[in-house]
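# this one's sequence-less:
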């Protein structure tokens, strides 16, 4: 394969990966799995996972979980829904799985997060609040001041 052909294929793959990422962003609350995402762009699930990780630094499933948790964080800060309602609203089918994933990404269970963060972003512009409260995976988390 020539350099020009390889570059063209790489750019086509990036466009497909962007479509997958956009679909996840749009349909995060729907039941999505890597196989369905891959079928949507005519790739195998394995190829999609490898290419997505290479392009975005995390697997499609991990990206989906991050989007769901980000939305859950926003809903919990408003305090209008219960933790269970938030769980189902953002696309989880199990409260246990939601709580586990939430704690892995945020560092505290959803109920604790809601109590701590309810007033933390009051008066903050939503786009700034989203950036400030973006979940960080445990391996990326900064060391806490108490340790």
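Thanks, I have it. On a predicted model such as this, the values are computed, not experimentally measured, just so you know.
# and the closest residue to residue 86 other than its chain neighbours, what helix or strand is that in?
Taking CB to CB, 6 or more residues apart in numbering as the measure, residue 86 lies nearest to residue 75, with 4.6 Å between them; neighbours along the chain are not counted. Any C-beta I mention is one placed from the backbone N, CA and C, and that applies to glycine too. With elements taken from DSSP states H and E, the one containing residue 75 is helix 60-78.
# next secondary structure after that helix?
Helices and strands here follow DSSP H and E; after helix 60-78, the next one along the chain is helix 83-89.
# per the record, what domains does the chain have?
As recorded under automatic domain parsing, the domains making up the chain are 3-61, 64-137.
# in the longest helix belonging to the chain, what counts as buried?
When every helix of the chain is counted residue by residue (DSSP state H), the longest turns out to be helix 3-27. By neighbour count, with 16 or more other CB atoms under 10 Å as the criterion, the buried positions of helix 3-27 are 13, 16-17, 20-21, 23-24.
# now distance to residue 58 and pLDDT too, for the residues you listed, in TSV please.
What follows is the buried residues of helix 3-27, written out as TSV (distance: CB to CB, whole Å; pLDDT from 0 to 100):
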residue	distance to residue 58	pLDDT
13	17	89
16	17	94
17	12	95
20	13	96
21	11	96
23	16	96
24	11	96
